[in-house]
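S.K.: Got a predicted model here, sequence first, then my questions.
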Amino acid sequence: MEKLRKQLYALPCTMVGHYSEHKEPEFYRKNLCKVEKKADIPAGMYACGAIQYRCPECGKRITLLDPFLPVRGEEKHEGNILFEKGELDEFLWW
């Protein structure tokens, strides 16, 4: 898989210590706010990295979301969420 695109988003959730994973693409469509750099994310707010990959042989694309909480220069990652059917393609990069 080759990396096609990468973008950082603020995830307006302040669930410190109470994070719950969401697998529904609609949650991310409603809540992600594009940011240019980690410093743009308000203190105590979660962030989410989005990376889209594409298979060079068959062209299949997948999107990986990586929600994390920036804390004192470190990142507390909450686990990856994978979307394999283009559920977020239009929202994330257009």
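M.R.: Thanks, I have it.
S.K.: Need phi/psi at the closest residue to residue 33 other than its chain neighbours.
M.R.: Distances taken as C-beta to C-beta, 6 or more residues apart in numbering put residue 10 closest to residue 33, at 4.6 Å, once the chain neighbours are dropped. C-beta: built from backbone N, CA, C; applies to glycine. Residue 10 adopts backbone torsions of phi -90, psi 140, taken as degrees, to the nearest 10.
S.K.: Tell me the gap between stretch 87-94 and the middle of its chain.
M.R.: 11 Å (C-alpha atoms, centre = their mean, to the nearest Å).
S.K.: For that stretch, give me every contacting residue.
M.R.: With C-beta atoms under 8 Å, 6 or more residues apart in numbering as the test, stretch 87-94 has contacts from 5, 7, 25, 28, 29, 32, 50, 52, 61, 63, 65.
S.K.: So for it, what gets flagged as buried?
M.R.: 88, 92 (16 or more other C-beta atoms under 10 Å).
S.K.: ditto for stretch 4-14
M.R.: Here stretch 4-14 shows 8, 9, 10, 11, 13 as buried, counting by 16+ other C-beta under 10 Å.
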